[in-house]
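**Q** below is the structure, and that's it, no one-letter string:
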DNA sequence: CTGTTAGCGCCTTCAG
DNA sequence: CTGAAGGCGCTAACAG
């Protein structure tokens, strides 16, 4: 790897002159520039960004920590982040925590060492530890999708409570009175917010929000399967399920099929997060779709603004509305339950 | 951000001593160590990896360039890469080319500047330019999924020709004689390899591999839709379609539905790449499934080995077999076509 | 218009 | 067991 000194030697100038040519700064005589550019071309010289970063104290690199990159929701966020960052000349380091608080802490440490300029974080669990570490070092952080209770921070997320409220209301309007909710881990704000929306819809309709109907578990196919089995064992059995994400919905469908229940004839299902249109032969779920790409994009823009010292002093919270699609997975309850 | 000098001052020792404590190198008297560790804790000192990298000439960072991170196939690869890299203490910069050669070139340039230790590349188009740049700088590269004709390089991929051959053979055994292939861009080796497998299966069965039956397009839902419409316009109409990836299959299904054709009663469909099990309520496609996670994992291990100077002098090519699942999307041709 | 000096934060070498 | 000097590659500040 040739360095700026090699180029300088070859062009018969000082390192400084080469630096000026590279960065188009200051005045340079045309033929000096020519000589330098030729030397650069001959050597195939490419500047070392590490050395620059060491001086400038910025790396043009941000990081994105998510809990599960295989979930299309996060994939789409990631795509939004990468597109936006790249457009603005930033690279993105991706990290996957698998919902583990320890992994998250470890990643944050490494990323600080690598001197990232900022971080986009989907917090694995609601503890302020990792983000406190960043904020101490005055490295901007934007929380994505989830919040950390009691820790103010810039945030971009979807309105979980509202989305849940509308989905459950839709079920109530169809005539359902026993609606179970299959949610994520109870330490994660999206999971508890979605339960809160479920509760509001029920109470508003004068229906009891029984604890028996609330299930917390993992945001995964297996979690959905387990919770659905529990829910189906309830007496009397719920006539509808509200699942808190796409994987849970798929797992619940497996359990329903196994129990010989037809959807929506025997039981209805509505869910947060749809299956991506690119993957759906025949879209089926009634769903609240989060604007994942836009969330990634907006979060990145907010972060990049912070890097430039722009934006208000106080923390910003951008809450995007979900979109609703009503499809075949929801219908009226079976006759005996009306 | 505190530096090693701050710690040294606070502990009343030299920078060197602090460095020794951090890296556990050389002998240090227990109570000097104690004092230094205390100073580190008090200051919340975290070493600057940039400065280290500048000296050591390695960043413990690799990059992964894919063409479309929203495709679950690449997502799963990415997950395999991230898990493996992280286990070995490496961070991963993700880049998305959208199948654009220019984007790829630009990313490679930036990544070289950032002094990545190695690159995992899904080449967007079959030109050796970007990888030549890396190899000139002796930065190890491992090609993933696709090869670059005429440019030997370490590669980890799935056997596209074989997978296609078996899928098409399956159709032939069911009685199909007019089988169209809907493939990717004709400059991409996976696309051409899959057409080659299709051709071999047909010729081996004594069937004509007519050019009319071959369609090249984009690896996308829209590409699949377009190609399927063309294929359906063929006279006589094919009785089966072989699609070269999951998105193409989904797009083809849209076109089939639009044309009022039932699968498999009126027309059969087999495909490379399944829809991921986490996303499938009711798996439908007869498919050749690529071991995506393992591909990511193996490619990363190969790359990390190269970084340590291990492995044979010659380039390595790891070709993994696809797995086959036979499901409802394929059946015998309609009676009039038998 | 161009060059010199100094330093970003860290670690290797070589003395003490 | 500990410290001082020097350099990784680059550029800001200050000459000339």
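**A** That came through, no problem. Keep in mind that this is a model prediction, so the values were computed, not measured.

**Q** for stretch A:203-220, buried residues please.
**A** Buried residues in stretch A:203-220, defined by neighbour count with 16 or more other C-beta atoms under 10 Å in any protein chain shown: A:207, A:209, A:213-220. Using the backbone N, CA and C atoms, a C-beta is placed for each residue, glycine as well.

**Q** so, low pLDDT: which residues of the stretch 51-200 of chain A?
**A** Within the stretch 51-200 of chain A, the set of residues satisfying pLDDT under 70 is empty.

**Q** ok so, going back, columns pLDDT on top of the buried residues of stretch A:203-220, output as CSV?
**A** Listed next are those as CSV, based on pLDDT from 0 to 100:
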residue, pLDDT
A:207, 96
A:209, 95
A:213, 97
A:214, 98
A:215, 98
A:216, 98
A:217, 97
A:218, 97
A:219, 96
A:220, 96
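
**Q** check which helix or strand covers whatever residue of the stretch 51-200 of chain A ends up closest to DNA strand D.
**A** Here the residue of the stretch 51-200 of chain A nearest DNA strand D is residue A:51; by C-beta to the nearest atom of the strand that distance is 3.2 Å. Element membership of residue A:51 [criterion: DSSP states H and E] is helix A:49-56.

**Q** and that helix, what's buried?
**A** Buried residues in helix A:49-56, counted by 16+ other C-beta under 10 Å: A:49-54.

**Q** same check, this time on stretch A:252-262
**A** Buried-residue list, stretch A:252-262, by 16+ other C-beta under 10 Å: A:252-256, A:261.

**Q** ok, back up a step: and which of the buried residues of helix A:49-56 is nearest to residue A:282?
**A** Closest to residue A:282 out of the buried residues of helix A:49-56 is residue A:49 (48.1 Å), distances taken as C-beta to C-beta.

**Q** where do the strands of the stretch 151-300 of chain A begin and end?
**A** Along the stretch 151-300 of chain A, counting by DSSP state E, counting those that start in this stretch, strands occupy A:154-158, A:179-183, A:214-216, A:240-243, A:268-272, A:286-289.

**Q** out of the ones you listed, deepest packed?
**A** strand A:240-243 (a mean of 32; mean count of other C-beta atoms under 10 Å in any protein chain shown).

**Q** from the middle of its chain, how far away would that strand be?
**A** Relative to its parent chain, strand A:240-243 has a centroid offset of 23 Å by C-alpha atoms, centre = their mean, to the nearest Å.

**Q** residue A:264 versus the residue lying closest to residue A:296 once chain neighbours are set aside, what's the distance?
**A** Spatial nearest neighbour of residue A:296, chain neighbours left out: residue A:80 (2.6 Å); criterion: C-beta to C-beta, 6 or more residues apart in numbering or on different chains. Look at residue A:80 and residue A:264: by C-beta to C-beta, to the nearest Å, they are 33 Å apart.

**Q** contacting residues for residue A:226?
**A** Neighbouring residues of residue A:226 by C-beta atoms under 8 Å, 6 or more residues apart in numbering or on different chains: A:217, A:251.

**Q** if we use 7 Å, what do you get?
**A** Residue A:226 makes contacts with residue A:217, as judged by C-beta atoms under 7 Å, 6 or more residues apart in numbering or on different chains.

**Q** against residue A:233, how distant is it?
**A** 11 Å.

**Q** packing partners for the helix holding residue A:51?
**A** On a contact count with 3 or more C-beta pairs under 7 Å, 6 or more residues apart in numbering or on different chains; DSSP states H and E, helix A:49-56 meets helix B:49-56.

**Q** now do the helix it packs on and helix A:49-56, the angle between them.
**A** With axes from the mean of the first three to the mean of the last three C-alpha atoms, to 10 degrees applied, the angle from helix B:49-56 to helix A:49-56 works out at 130 degrees.

**Q** is helix B:49-56 up against DNA strand C anywhere?
**A** Yes. Residues of helix B:49-56 are located near DNA strand C by C-beta under 7 Å from any atom of the strand, namely B:51-52, B:54-56.

**Q** and the next helix or strand past the strand or helix carrying the residue nearest to residue A:296?
**A** Per DSSP H and E: residue A:80 is located in helix A:72-87. Using DSSP H and E, the helix or strand that follows helix A:72-87 in sequence is strand A:91-96.

**Q** in that following strand, what counts as buried?
**A** Quick answer for strand A:91-96 (16+ other C-beta under 10 Å): A:91-96.

**Q** I'd like the next helix or strand past it.
**A** helix A:101-113.

**Q** from the chain's centre, how far out does that following helix sit?
**A** The answer for helix A:101-113 is 17 Å, by C-alpha atoms, centre = their mean.

**Q** show me what whichever helix or strand comes after it is in contact with.
**A** Moving toward the C-terminus from helix A:101-113, the next helix or strand (DSSP H and E) is strand A:118-121. With contact meaning C-beta under 7 Å, 6+ apart, strand A:118-121 is reached by A:62-65, A:81, A:111, A:131, A:134, A:139-144, A:299-300, A:303, A:306-307.

**Q** do you know the pLDDT at whatever residue of the stretch 201-338 of chain A ends up closest to DNA strand D?
**A** In the stretch 201-338 of chain A, the residue found nearest to DNA strand D is residue A:308; the distance is 17.0 Å by C-beta to the nearest atom of the strand. Residue A:308 is assigned 90 on the pLDDT scale.

**Q** same check on residue A:327?
**A** pLDDT, read off for residue A:327, is 97.

**Q** number of nearby residues for it?
**A** 14 (other C-beta atoms under 10 Å in any protein chain shown).

**Q** tell me the bridge partners for the closest residue to it other than its chain neighbours.
**A** Among residues not flanking residue A:327 along the chain, residue A:286 sits closest, at 5.1 Å (C-beta to C-beta, 6+ apart). In this entry, residue A:286 is beta-bridged to residue A:270, by DSSP bridges.

**Q** for DNA strand C, see how far away residue A:286 is.
**A** 54 Å (C-beta to the nearest atom of the strand, to the nearest Å).
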